[in-house]
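> Quick one: sequence and predicted model below, then my questions.
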Number of protein chains: 2
Amino acid sequence: MATTSVRDVAARAGVSVGTVSNVMNHPGKVTPATAARVTAAIEELGFIRNDAARQLRDGRSKTIGLVVLDVRNPFFTDVARGAEDAAAEAGLSVTLGNSDENTDRESAYLDLFEQQRVHGVLISPYSDITARLLRLRARGIPAVLVDRTSSDLSFSSVSVDDVAGGRLAVAHLIAQGRRRLVFLGGPLEIRQISDRLEGARQAIAGTGATLEVIELLALSVLEGRSAASQIVLRRVEDRPDGIFAANDLVATGVLQALVMQGADVAVPGEIALIGYDDIDFAAAAVVPLSSIRQPSTLIGRTAVEILLDEAADSALPARQIVFQPELVVRASSGG
Amino acid sequence: MATTSVRDVAARAGVSVGTVSNVMNHPGKVTPATAARVTAAIEELGFIRNDAARQLRDGRSKTIGLVVLDVRNPFFTDVARGAEDAAAEAGLSVTLGNSDENTDRESAYLDLFEQQRVHGVLISPYSDITARLLRLRARGIPAVLVDRTSSDLSFSSVSVDDVAGGRLAVAHLIAQGRRRLVFLGGPLEIRQISDRLEGARQAIAGTGATLEVIELLALSVLEGRSAASQIVLRRVEDRPDGIFAANDLVATGVLQALVMQGADVAVPGEIALIGYDDIDFAAAAVVPLSSIRQPSTLIGRTAVEILLDEAADSALPARQIVFQPELVVRASSGG
DNA sequence: CTCCATAATTGAATCGTTTTAAGAATCGTA
DNA sequence: TACGATTCTTAAAACGATTCAATTATGGAG
């Protein structure tokens, strides 16, 4: 394996290894003329720096580890994309790990990142990993929580105000004149979901509107559809006139059950519908879906920025960033 | 930064660094008693091996680089998942890169992987990167093409027979008694798409059925929907009785245009519909969608297996693996 | 033409692990 | 008890880039 090293480059350019290193890492400390000779040698030999060696010397890698709950959820791929962009601007790369809501996988990724002495860790936690994160910190590896406020306030976090999101959604339905509302989502143990419900409750307080809660086992199209088809079976006067689905997958299922041939419930005429997340598909649904948008790429970008700050100065106090979600009105809520 | 090394562990256990290394990498070469002492020391000190140092010694990393065209496409996340599983079984991890059909990004990832001296590269190529891959090979890093047969037969590849897939889809429509067919997809420069069309043509040959080709600018829900709404405007006798959409996103759009309130074209009564990819959403559509399934996780898994073989023995001849797609019949084609 | 201050370059030491060849310990056997 | 024959353990030498302290070159001022 003809692996060319700085030593070979140095020989070819007639300089010392130190100079070669300077050309790459501290240009300006070297005369343009010599720099040119070195660059030429690098080019001719097809030299590519060995990252492991650089890392070993440096003590930390130029990679950021990111662990998300579910890569198949567009929200998280968007977060990842934002993180990747911000990291790239700082000359770093991102390794994406998918915990799949599985404690073992989550733990395995943290092990891997610790071995790799990553620059920092971004994580949307599934289990309680405070102890692990403290250990990473002791090793000089900062961590930032994503899409979740930390119970341990010594860690920074970047999240979205789900209570406000729920409030926004239901306040909108009420503003459209709807009074008999249904919240569709679950499991309620998931913090984000219960927060959205809490927001919904705040929004109806004192308005005279009612809120029926139907808990689902998962946030999927199928769950949404079957729950909604039950609603269709009710007598017309017992049906709600507005539905708030806890995410867009559920809302999509609801929509299918309502407009399906045979059901023919008018949306938004008879029932207004709003989802959550504003995934790409929402705008392309049979009836374009109103939704609550979260600034997903911005979350990723911000998390990286905080991480880099903390990596540069470990004495920095933790910051809790909470973004506000945004109402997106489309046809399904008759806005 | 209290970074503990093998040296510290050795001191604590009262042995030499070589023994510590043996405990971790060649257990069995060491007496159970000493092994226990060392393990205890590792535990007590919270020692975690420095991957950079190991890699430097080893010459190659324990990571596989994977570059896909689009992380947001469920097909690719499934491929990635299969690759990850297979890699994990071999004690390796996968770094996922998203080229986003962008030459610069694709190139940047290859640079990164080369610097990292990855174990191997899996890539679903966008531009012509044969030269880059040859250079990697010269450095001892094998590469396997994914979802694309290689023009350079010296590289292994794992792909799916798109011609067969197109044939399967259209043969099915014909078997359902459909005769006036439409192919909806594009751009036709994309190899996979033109192959599917070619398969469709083979299937109608000699059957008396006709095939109208409507080329789209992109494989998206919106494109599919607007093309289908044009079809709805035709006189009934000029409408096709079967539509083959080049992927499930397009098919979803078509479905929306057909069953939408106001259009009310019966699916499959009046028009039978089949898509391609069998994404999760296909089964959950308003009318469950027939589709052509590709063994996505198997593709990822197989690609890793070939890669590992080649990493172990670079003299191995290249293999071209072509999987056969599978017909999945659901309500939309009236099967 | 010297001398000094400043800039450019050098090369040895370092990061932490793994691997060897060599040395030490252990055991059963004669 | 001593002898090979194993079995364990050791210490030093890599791997390749970076960084300093030390050295050499360069220019400008007197």
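That came through fine. Here the structure is a predicted model, which is why all the values come from computation and not from measurement. Residues are numbered from 1 along each chain as shown, chains lettered A, B, ... in the order given.

> pLDDT weak spots in chain A?
Low-confidence segments of chain A (pLDDT under 70): A:1-2, A:261.

> DNA strand C contacts on that one?
Taking C-beta under 7 Å from any atom of the strand as the measure of proximity, chain A contacts DNA strand C at A:14-19, A:22, A:29-31, A:33-34, A:53, A:56-57, A:59. The way it works is simple: take the backbone N, C-alpha and C, and place the C-beta from them, glycine included.

> switch the cut-off to 10 Å
Taking C-beta under 10 Å from any atom of the strand, the part of chain A that reaches DNA strand C is made up of A:6-7, A:10, A:13-23, A:26-35, A:37-38, A:52-59, A:115, A:117.

> Look up how far A:Glu44 lies from the residue in chain A that DNA strand C sits nearest to.
As assessed by C-beta to the nearest atom of the strand, DNA strand C sits closest to A:Gly18 within chain A, at 2.5 Å. A:Gly18 sits 20 Å away from A:Glu44, going by C-beta to C-beta, to the nearest Å.

> hang on, the earlier thing: which SS class is the residue of chain A closest to DNA strand C?
The three-state label given to A:Gly18 by DSSP: H, G, I helix; E, B strand; the rest coil is helix.

> count of neighbours near it?
Neighbour count for A:Gly18, taken as other C-beta atoms under 10 Å in any protein chain shown: 11.

> Same check on A:Pro27?
By other C-beta under 10 Å, the residues close to A:Pro27 number 12.

> Same question for A:Leu316.
Using other C-beta under 10 Å, the number of residues around A:Leu316 comes to 13.

> go on, the one 10 residues further on?
One way to gauge burial is a neighbour count; for A:Glu326, by other C-beta under 10 Å, it gives 15.

> Narrow the residues of chain A next to DNA strand C to those in strands?
Judged by DSSP state E, the residues of chain A next to DNA strand C include no members of strands.

> Which of those are buried? Put it as a ChimeraX command.
Selecting only the buried entries of those in ChimeraX, with 16 or more other C-beta atoms under 10 Å in any protein chain shown as the criterion:
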select /A:6,10,13,15,19,20,21,22,23,30,34,35,37,38,52,53,54,55,56,115,117
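
> and chain B, which of the residues of chain A next to DNA strand C contact it?
Applying C-beta under 8 Å from any C-beta of the partner chain to these, one finds that A:Ala52, A:Ala53, A:Gln55, A:Leu56, A:Gly59, A:Gln115, A:Arg117 fall near chain B.

> check the residues you listed against DNA strand D, which are close?
Among these, the ones lying near DNA strand D by C-beta under 10 Å from any atom of the strand are A:Ala52, A:Ala53, A:Gln55, A:Leu56, A:Gly59.

> residues contacting the third one?
Okay, so that is A:Gln55. Contact partners of A:Gln55, counting by C-beta atoms under 8 Å, 6 or more residues apart in numbering or on different chains, are A:Ser61, A:Lys62, A:Arg117, B:Ala52.

> Would you mind confirming that the last one makes contact with A:Leu56?
Same thing as B:Ala52. Yes - contact criterion C-beta atoms under 8 Å: B:Ala52 and A:Leu56 qualify, at 4.3 Å.

> the helices in the stretch 201-335 of chain A, which residues?
A:221-233, A:248-259, A:280-283, A:296-312 (DSSP state H, counting those that start in this stretch).

> Can you lay out those as TSV showing distance to chain B and mean neighbour count?
TSV is the format used below for these (distance: least, C-beta to the nearest C-beta, whole Å; neighbours: other C-beta atoms under 10 Å in any protein chain shown):
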stretch	distance to chain B	mean neighbour count
helix A:221-233	4	19
helix A:248-259	5	27
helix A:280-283	7	18
helix A:296-312	12	21
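
> Adding distance to DNA strand D, write the ones you listed out as CSV.
Converted to CSV, the helices of the stretch 201-335 of chain A look like this (distance: least, C-beta to the nearest atom of the strand, whole Å):
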stretch, distance to DNA strand D
helix A:221-233, 49
helix A:248-259, 45
helix A:280-283, 40
helix A:296-312, 14
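
> any idea how far the residue nearest to A:Asp309 when sequence neighbours are not counted lies from A:Gly59?
The shortest distance from A:Asp309 to any non-neighbouring residue, by C-beta to C-beta, 6 or more residues apart in numbering or on different chains, is to A:Leu316 (5.8 Å). Distance, A:Leu316 to A:Gly59, by C-beta to C-beta: 19 Å.

> cool, and A:Met260?
A:Met260 sits 60 Å away from A:Gly59 when distances are taken as C-beta to C-beta.

> and the end-to-end length of stretch A:143-151?
The stretch stretch A:143-151 measures 14 Å between its terminal residues, going by C-alpha to C-alpha, to the nearest Å.

> which of the residues in it are buried?
By neighbour count on 16+ other C-beta under 10 Å, the buried set for stretch A:143-151 is A:Ala143, A:Val144, A:Leu145, A:Val146, A:Asp147, A:Arg148, A:Ser150.
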